[in-house]
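Undergrad: Fold the stuff below for me.
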Amino acid sequence: MTPEAKVKAKVKKILMEMQAYYAMPMGTGFGNSGVSDFLVCKQGLFYAIECKANGNKPTALQLKHLEDVRKAGGIALVIDESNVDKLKELIK
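TA: Here you go, the predicted structure:
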């Protein structure tokens, strides 16, 4: 399992424990490239979660999607090994 896949697995486990609704869209030629790894709804709040590992940063397109979520009133998060264990605190 890749380091990023490990972060995604932890995020998925936490979201399931929190009983949050989530979807993991596929970034293909038929979908929206750069869309976040997780689209989440919890207690009426919308979250977009981009997962990274090994100090990697979101691409320009991923950052645009995260900013679009913020502009629309949602909460955009970048989660990696350094903050994945704080995800329960970040999602209300």
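
Undergrad: which ones are touching the most centrally placed residue in the chain?
TA: With distances taken as C-alpha atoms, centre = their mean, the residue of the chain nearest its centroid is Ile49 (1.4 Å). By C-beta atoms under 8 Å, 6 or more residues apart in numbering, the contact list for Ile49 reads Val11, Ser36, Asp37, Phe38, Leu39, Val40, Leu77, Val78, Ile79. Where you see a C-beta, it was placed from the backbone N, CA and C, and this is true even at glycine.

Undergrad: what element comes up after the longest strand seen in the chain heading to the C-terminus?
TA: Identified as the longest strand of the chain according to DSSP state E is strand 45-51. Downstream of strand 45-51, the first helix or strand assigned by DSSP states H and E is helix 60-71.

Undergrad: what sits up against that next one?
TA: Asn32, Ser33, Gly34, Val35, Ser36, Phe46, Ala48, Glu50, Pro58, Ile75, Ala76, Val78.

Undergrad: how about a cut-off of 10 Å?
TA: 27, 32-37, 39, 46-50, 52, 57-59, 74-78 (C-beta atoms under 10 Å, 6 or more residues apart in numbering).

Undergrad: Name only those of the residues you listed that count as buried.
TA: 34-37, 39, 47-50, 52, 58, 74-78 (16 or more other C-beta atoms under 10 Å).

Undergrad: Lowest-confidence entry in those residues?
TA: Within the buried ones among the contacts of helix 60-71, pLDDT reaches its minimum at Gly34, with 90.

Undergrad: Please settle this for me: is Ser82 part of a helix?
TA: No. Counting by DSSP: H, G, I helix; E, B strand; the rest coil, Ser82 falls outside a helix, being coil.

Undergrad: quick one, what contacts it?
TA: Val7, Lys52, Ala53, Gly55.
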